[in-house]
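sequence isn't available, so here's the structure alone:
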């Protein structure tokens, strides 16, 4: 990711603006997120009524977790999509050849763009459900400035990790032409292993161990636990380090794939 | 002065639907890798969905008074109805795109009802995964039901009516796109939101929500009321038992309302051109 | 089920279509609602068997008219009848009697052989199998599509795809064919072949043709009659020759002299351009070329002569500037 930081900032700003033109879509999305927030709140309340300490959460933790999930759903682009869909489309049409010859790296370019998008989604579709969750269900707020700041860092890392996976999925289009099959598969794993379907703290035994070690745990489980104050002191650094580790590893993988793809595009002319 | 147009029967529409759908199946099969991945991916989503339910029950003996078998019956029947509806008319959610790209205009110059064409368009069998998974869960849950002839009738009518309710919800709410193409996600709250609530015993919700799910977005008829009868349970909300047999009525009403909305939407489109 | 021969096939009377648009106004909150007339006071009729060019600049109301003729859009005023039917009320029955080709938007199945799309249309329109085979054979022969029938559409060239789309629109023997920019993006050879086919179709079957195009050579090659629409209403309806006269258009005589010479002076024509031994003389389009040619040949050593037909684009631009 060489190249001027100003350029990347401009790319991010442009993406932010682009998404902010869809105002009706944003309102509709907030409404939908909130409806799902209500539905899952009642499901979890029933669950924690039957087992008051399931997974080490109490009922308020669980409902907070629900609304954080709805708030982060679009920010981390759990279903896939985001700016990496543009990439897949450009690979399909062959326009990506132009991108590959740009002086700035492909990964940095799309990451900047995706961060711009995520910023918009966080401010709208992240903030609104959180407020609604607070007003209607009295969700917990971070109890220290440290937790709040760490949560902010954790969300950025969550977006980066999610971006890298979506980027890798989109890159399969270099070889398969069409990312849709892989995207659905990847989405299925993301929903399950991010804790969006059910908090990972409920996953029993080895399944829980595995799930908490996979990159998808960075999407929701880690930021949510930081918000809920489950990681304190050194444990907080370990949690952020876990996200950072995956981010670095997967970014490297993205750049490796771009190198392979460039060779392929150059050899086959797209 | 023209002859009375030869009126095509519903059976003929169904046949045309099948013919269009068949072409799309063959078109999709031109990309077997994508097709298989999509089918497996969709199956995986629903499969993991059920694993989630399973994990939930690792922490519970029952959810709002319903055991795993009972929840599986609710889950399987709703999932089957949804998969049936989604397979049959899934593409209706794309009318906004069809309007934008002019594809809807093209369809309007063909002598086949617009709804038939829209529903058959881009027909895909990738929901086969979900259909299979739902059938397995439902079949397993059925083995715990104490069957009587009437219960068999109620079960069959439940699946058909449930599909009809989802048909109606998807068609009806997709029509929003005739008025605005920006707010498509609004419909998801009712369609997919409705599908999600049916995976759980509705007794987890407050009474007001249940009333809404009975009379406004009538997904309670997809599985909740008929399953109460199949499981021989009294209604936790104390509502009349007649509701447990009312699913076909709810299905027909939802579908009828949706067709009315559809016609209004098409009329709006032809009278505003937007 | 032919339309009453005493009635025009397409009859448009005082047609009007307004749209409500919301416009953002600088310096004001919210949007302003206003009504825009896309088409107004439009009257014309087309008899069975005519080939009519429907032309005008972008946004003039061409596609709005076509949408009302096909029943996709309900008029806000006036009357339309096509083949004796009210398009918006009888959209589905009318669909059996018309063919529509929307420019670059294909109705063919991208990933499947051409034949599959045709077979489906046979079922959708319920075309009798014998008639279907007969039509398919004829069109495939005329349009030279035989080798492409079993090729997936995505592998066809743009010209082949357009011919496929036109075949698709004709299999059910429509009485009228609406063509929206049929030659856009095609190479010269494909354009020529397509025009030849449309002429043959009209001669053989009497299919009425209504053509919108930006390519005026389409009009020159196909249409005896032109309707020019601008700002939502017809500004000219008549023969192509009349359009030239009305637009004050001129033909050009290109003279190649044996040697370079000062600008030629002959009665009834004036020099537009000189380039070495070649000179361009223009004279009114409705005047005969013979006296000009004779005068030039009598006074100069001529190596070669040719006549260029007027550029309709200029003519129409002239009309627009007057109408606008």
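Yep, it's here. Only a predicted model underlies this, so the values are computations on that prediction, with no experimental measurement involved.

got a list of what the nearest residue to residue A:125 once chain neighbours are set aside touches?
Leaving aside its sequence neighbours, residue A:125 sits nearest to residue A:74 (C-beta to C-beta, 6 or more residues apart in numbering or on different chains; 4.5 Å). Bear in mind the C-beta positions are built from the backbone N, C-alpha and C, glycine included. Shown in contact with residue A:74 (C-beta atoms under 8 Å, 6 or more residues apart in numbering or on different chains): A:29, A:33, A:121, A:125-126.

how about the residues of the stretch 51-200 of chain A near chain C?
Among all residues of the stretch 51-200 of chain A, none is adjacent to chain C (criterion: C-beta under 8 Å from any C-beta of the partner chain).

where does the stretch 51-200 of chain A dip in pLDDT?
With pLDDT under 70 as the threshold, the stretch 51-200 of chain A has no low-confidence stretch at all.

before we move on, which element is residue C:209 in?
Taking DSSP states H and E as the definition, residue C:209 sits inside strand C:208-212.

for residue A:227, state which of the contacts of residue A:74 is nearest.
Among these, residue A:126 lies closest to residue A:227 (C-beta to C-beta), at 12.0 Å.

what about the strand holding residue C:209, near chain B?
No. Taking C-beta under 8 Å from any C-beta as the criterion, strand C:208-212 and chain B are apart, separated by no less than 13.5 Å.

the nearest residue to residue A:201 once chain neighbours are set aside: what's it in contact with?
Distances taken as C-beta to C-beta, 6+ apart place residue A:55 nearest to residue A:201, at 3.4 Å, with adjacent residues excluded. Listed by C-beta under 8 Å, 6+ apart, the contact set of residue A:55 reads A:199, A:201-202, B:59.

what do you get for residue C:198?
The neighbours of residue C:198, taking C-beta under 8 Å, 6+ apart as the test, are C:51, C:179, C:182, C:209, C:222.

likewise for residue C:60?
C:229-232 are the contacts of residue C:60 under C-beta under 8 Å, 6+ apart.

make JSON lines out of those and add secondary structure and neighbour count.
JSON lines is the format used below for the contacts of residue C:60 (DSSP: H, G, I helix; E, B strand; the rest coil; neighbours: other C-beta atoms under 10 Å in any protein chain shown):
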{"residue": "C:229", "secondary structure": "strand", "neighbour count": "24"}
{"residue": "C:230", "secondary structure": "strand", "neighbour count": "21"}
{"residue": "C:231", "secondary structure": "coil", "neighbour count": "17"}
{"residue": "C:232", "secondary structure": "coil", "neighbour count": "22"}
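
and which of these is nearest chain A?
Closest to chain A out of the contacts of residue C:60 is residue C:232 (30.0 Å), distances taken as C-beta to the nearest C-beta.

and that closest one, what does it touch?
Contacts of residue C:232 (C-beta under 8 Å, 6+ apart): C:17, C:37-40, C:42, C:60-61, C:64.

take these and lay them out in a markdown table including pLDDT.
Listed next are those as a markdown table, based on pLDDT from 0 to 100:
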| residue | pLDDT |
| --- | --- |
| C:17 | 94 |
| C:37 | 90 |
| C:38 | 92 |
| C:39 | 94 |
| C:40 | 94 |
| C:42 | 96 |
| C:60 | 85 |
| C:61 | 89 |
| C:64 | 92 |
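
quick check: of these, which has the highest neighbour count?
Neighbours here mean other C-beta atoms under 10 Å in any protein chain shown. Within those, the largest count is held by residue C:39, at 28 neighbours.

need the residues of the stretch 1-150 of chain A near chain B, please.
Counting by C-beta under 8 Å from any C-beta, the stretch 1-150 of chain A sits next to chain B at A:22-25, A:27-29, A:31-32, A:35-36, A:39, A:42-43, A:45-47, A:50-51, A:54-55.

how about 10 Å then?
A:21-36, A:38-51, A:53-55, A:74, A:125 (C-beta under 10 Å from any C-beta of the partner chain).

so which residues on the stretch 151-270 of chain A come close to chain B?
Near chain B, when you scan the stretch 151-270 of chain A using C-beta under 10 Å from any C-beta, you find A:172, A:176-189, A:191-193, A:196-200, A:202-205, A:207-208.

select only the buried ones of those in PyMOL?
Filtering these down to the buried ones (16 or more other C-beta atoms under 10 Å in any protein chain shown) takes a single PyMOL command:
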select buried, chain A and resi 172+176+178+179+180+181+182+183+184+185+186+187+188+189+191+192+193+196+197+198+199+200+202+203
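
show me what the host helix or strand of residue C:17 is packed up against.
Assigned by DSSP H and E, residue C:17 falls within strand C:10-24. Applying 3 or more C-beta pairs under 10 Å, 6 or more residues apart in numbering or on different chains; DSSP states H and E, one finds that strand C:10-24 makes contact with strand C:31-46, helix C:62-70, strand C:77-82, strand C:233-239.

quick one: that strand to strand C:233-239, angle?
If you take axes from the mean of the first three to the mean of the last three C-alpha atoms, to 10 degrees, strand C:10-24 sits at 150 degrees to strand C:233-239.

name every strand pairing with strand C:10-24 and say which way it goes.
Taking DSSP bridges as the criterion, strand C:10-24 forms sheet pairs with strand C:31-46 (antiparallel), strand C:77-82 (antiparallel).

partners of the next helix or strand after the longest one, with directions?
Heading C-terminal from strand C:31-46, the first helix or strand you meet, by DSSP H and E, is strand C:51-55. Note on strand C:51-55: by DSSP bridges, its sheet partners are strand C:208-212 (parallel), strand C:225-230 (parallel).

residues contacting the helix or strand following the first one, please?
Of the helices and strands lying after strand C:208-212 in sequence (DSSP H and E), the nearest is helix C:216-222. Defining contact as C-beta atoms under 10 Å, 6 or more residues apart in numbering or on different chains, one finds that helix C:216-222 is touched by C:51-55, C:179, C:181-184, C:188, C:191-192, C:194-196, C:198-199, C:202, C:209, C:211-213, C:215, C:223, C:225-226, C:240, C:243, C:309-316.

which helices and strands does the helix or strand in which residue B:171 is found pack with?
Here residue B:171, judged by DSSP H and E, is contained in helix B:149-174. Counting contacts by 3+ C-beta pairs under 10 Å, 6+ apart, helix B:149-174 is packed against helix B:68-89, helix B:95-101, helix B:114-120, helix B:128-142, helix B:184-197, helix B:224-230, helix B:247-272.

buried ones in it, by neighbour count?
B:151, B:154-155, B:158-159, B:161-174.

thinking again about what came up before, as TSV, the strands paired with strand C:51-55 with distance to residue C:171 and mean pLDDT would be great.
Shown next, in TSV, are these (distance: least, C-beta to C-beta, whole Å; pLDDT from 0 to 100):
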stretch	distance to residue C:171	mean pLDDT
strand C:208-212	16	94
strand C:225-230	27	91
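
just put these in a markdown table and tack on distance to residue B:129.
Converted to a markdown table, the strands paired with strand C:51-55 look like this (distance: least, C-beta to C-beta, whole Å):
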| stretch | distance to residue B:129 |
| --- | --- |
| strand C:208-212 | 46 |
| strand C:225-230 | 53 |
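
count of neighbours near residue B:209?
The number of residues packed near residue B:209 is 16, by other C-beta under 10 Å.

surely it is in contact with residue A:38?
Yes. With contacts counted by C-beta atoms under 10 Å, residue B:209 reaches residue A:38, the gap being 8.1 Å.

pLDDT at residue C:34, what is it?
For residue C:34, the pLDDT comes out at 82.

so who does it touch?
C:18-23, C:25 are the contacts of residue C:34 under C-beta under 10 Å, 6+ apart.

if we use 6 Å, what do you get?
Residues in contact with residue C:34 (C-beta atoms under 6 Å, 6 or more residues apart in numbering or on different chains): none are found.

what about the residue in the stretch 1-150 of chain C positioned nearest to chain B, neighbour count?
Nearest residue of the stretch 1-150 of chain C to chain B: residue C:93, at 3.6 Å (C-beta to the nearest C-beta). The tally of other residues near residue C:93 (other C-beta under 10 Å) stands at 20.
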